[in-house]
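Enquirer: Provide a 3D model corresponding to the input given below.
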Amino acid sequence: MAVATAGPPAIALEALRFVGSGLNRPECVLATARGDLYTADWRGGVAHIRPDGSQELFAARLSGDRPLRPNGIALRSDGSFLLADLGERSGGVFALDRCGRVRPLLERVDGIDLPPTNFVHEDAAGRIWITVSTLHQPRAGAYRGDVADGFIVLLDTRGARIVADGLGYTNEALVSPDGKWLFVNETFGRRLTRFRLGADGSLSGRETVSTFGPGTFPDGLSFDAEGGVWITSIVSNRVIRVERDGRQQLMLEDCDPVHLDRCERAFIEGTMGRPHLDTCGGRVLKNVSSLAFGGTDLRTAFLGCLLGDRLASFEAPVAGQPPPHWYH
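Expert: Numbering: from 1, shown residues only. Here you go, the predicted structure:
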């Protein structure tokens, strides 16, 4: 089901507020009950924005003086972080503490070295879910609708293993609040997919929750308290709420029609590349990639942007679902 284009978005751009400054590619954002915000930062780690607005950077470099390129991040109960490394040629998941110490958590699975790694999520049961978007090098070779070599890794007490593959550019993946499903965005497959989650971590019964139309490339996802799934779209700077039955509501949009048409043509022709994603294409937002509910009532939605240096926020009409790290 494609997003309806009739009528204005539910939230006006003029309603946006901003927090933070000097951030470098804040692709993934997390919020906590204390009012802290954390975001991936390509200065080499995680930027912390405190409730009073002050900031701190927790950063490190990998062995061989290789830069750390965090894409997705996860906050752990001890205050440390997991980072999905989106390196040029290699990836993996690394653990980073607040003193700047970094160590590899997972760099190899099922006999292969992890390519540039997109996202990491620690669920309420302590299981770690990892996504790799593609095996293509460079990754832009997979910015097409006919490429499906992304996969999902599970790391638990049994070790690490690939639990799903054949995905169209795997992006954010989260366990549903009821623990029964794993939801995942297939960015260039242009769909929200879910798998039934077994007690042993196995995934089965793959099904499409909702498909997206022209200009929508789903990246980030977050759950709300009424069972909705909020999707962020790169390129078009859209935020879409997907209901339980797959119906969609356009909540926010900031796109230049000329840029959007150029990107859509390139996608259809199989020529989409980095220049299309490295142009923000909006008046205010700069390639929206992530959404986290925060605030005292979980009604403030914070947006991470690939090309931004601060976080945008707006008041949502429905509260978010507390994520597993909410009280960390």
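Enquirer: Might you list the low-confidence residue ranges for the chain?
Expert: Residue ranges of the chain with pLDDT under 70: 1-7.
Enquirer: for it, which helix is longest?
Expert: The helix that spans the most residues within the chain, counting by DSSP state H, is helix 257-269.
Enquirer: gap between stretch 320-328 and the chain center?
Expert: With CA atoms, centre = their mean, to the nearest Å as the basis, stretch 320-328 stands 16 Å off its chain's centre.
Enquirer: Next, the buried residues of it.
Expert: Within stretch 320-328, the residues that count as buried by 16 or more other CB atoms under 10 Å are 320-326, 328. Backbone N, C-alpha and C define where each C-beta goes, glycine included.
Enquirer: In strands only, show me those.
Expert: Under the assignment DSSP state E, those contribute nothing to strands.
Enquirer: my read: Ile98 touches Leu75, true?
Expert: For residue 98 the amino acid is Arg, not Ile. No: applying CB atoms under 8 Å, one finds Arg98 not in contact with Leu75, separated by 11.1 Å.
Enquirer: who has more neighbours, those two?
Expert: Leu75 (21 against 14; other CB atoms under 10 Å).
Enquirer: I figured the more buried one hits Ala31, correct?
Expert: No: between Leu75 and Ala31 there is no contact under CB under 8 Å: 9.6 Å.
Enquirer: what is in contact with these two at once?
Expert: Common neighbours of Leu75 and Ala31, using CB atoms under 8 Å, 6 or more residues apart in numbering, are Tyr38.
Enquirer: Now do the helices in the stretch 151-300 of the chain.
Expert: 257-269, 274-277 (DSSP state H, counting those that start in this stretch).
Enquirer: Compare those helices and report which one is nearest to Gly91.
Expert: helix 274-277 (17.2 Å; CB to CB).
Enquirer: Any chance you could list what contacts the closest one?
Expert: Helix 274-277 is contacted by residues 138, 140, 143, 234-235, 262-263, 266, 287, 306 when judged by CB under 8 Å, 6+ apart.
Enquirer: Spatially central, which residue of this structure would that be?
Expert: Geometric centre of the chain, nearest residue: Gly220, 3.6 Å, by CA atoms, centre = their mean.
Enquirer: my read: that residue touches Gly304, true?
Expert: Yes: if you go by CB under 8 Å, Gly220 and Gly304 touch, sitting 7.2 Å apart.
Enquirer: Return the list of helices and strands in contact with the longest helix of the chain.
Expert: Here helix 257-269 touches helix 274-277, going by 3 or more CB pairs under 8 Å, 6 or more residues apart in numbering; DSSP states H and E.
Enquirer: Name the residues of the helix it packs on that come out as buried.
Expert: When burial is assessed from 16+ other CB under 10 Å, helix 274-277 yields the following buried residues: 276-277.
Enquirer: ditto for stretch 73-80
Expert: For stretch 73-80, the neighbour count (16+ other CB under 10 Å) marks 73-76, 80 as buried.
Enquirer: With distance to Phe293 and secondary structure as extra columns, can I get the residues you listed in JSON lines?
Expert: Shown next, in JSON lines, are the buried residues of stretch 73-80 (distance: CB to CB, whole Å; DSSP: H, G, I helix; E, B strand; the rest coil):
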{"residue": "Ile73", "distance to Phe293": "16", "secondary structure": "strand"}
{"residue": "Ala74", "distance to Phe293": "16", "secondary structure": "strand"}
{"residue": "Leu75", "distance to Phe293": "14", "secondary structure": "strand"}
{"residue": "Arg76", "distance to Phe293": "19", "secondary structure": "coil"}
{"residue": "Ser80", "distance to Phe293": "22", "secondary structure": "coil"}
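Enquirer: List buried residues within the contacts of helix 274-277.
Expert: Here, 16+ other CB under 10 Å leaves 140, 143, 234-235, 262-263, 266, 287, 306 buried among the contacts of helix 274-277.
Enquirer: can you tell me which of those lies nearest to Tyr38?
Expert: Relative to Tyr38, the closest of those is Leu306; by CB to CB it sits at 16.8 Å.
Enquirer: any idea how far that closest one is from Trp181?
Expert: Noted for Leu306: a distance of 27 Å to Trp181, by CB to CB, to the nearest Å.
Enquirer: same question, Glu207
Expert: Distance, Glu207 to Trp181, using CB to CB: 9 Å.
Enquirer: Pick out whichever of those two has more residues nearby.
Expert: The neighbour count for Glu207 versus Trp181, taken as other CB under 10 Å, is higher for Trp181 (18 against 9).
Enquirer: can you pull the contacts of the more buried one?
Expert: Shown in contact with Trp181 (CB under 8 Å, 6+ apart): 175, 194-197.
Enquirer: ok, 7 Å please
Expert: 194-197 (CB atoms under 7 Å, 6 or more residues apart in numbering).
Enquirer: Can I get the buried ones among the contacts of helix 274-277 in TSV including distance to Val46?
Expert: Shown next, in TSV, are the buried ones among the contacts of helix 274-277 (distance: CB to CB, whole Å):
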residue	distance to Val46
Ala140	26
Tyr143	27
Ile234	21
Val235	26
Arg262	34
Cys263	30
Ala266	33
Asn287	20
Leu306	16
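Enquirer: All set now, cheers.
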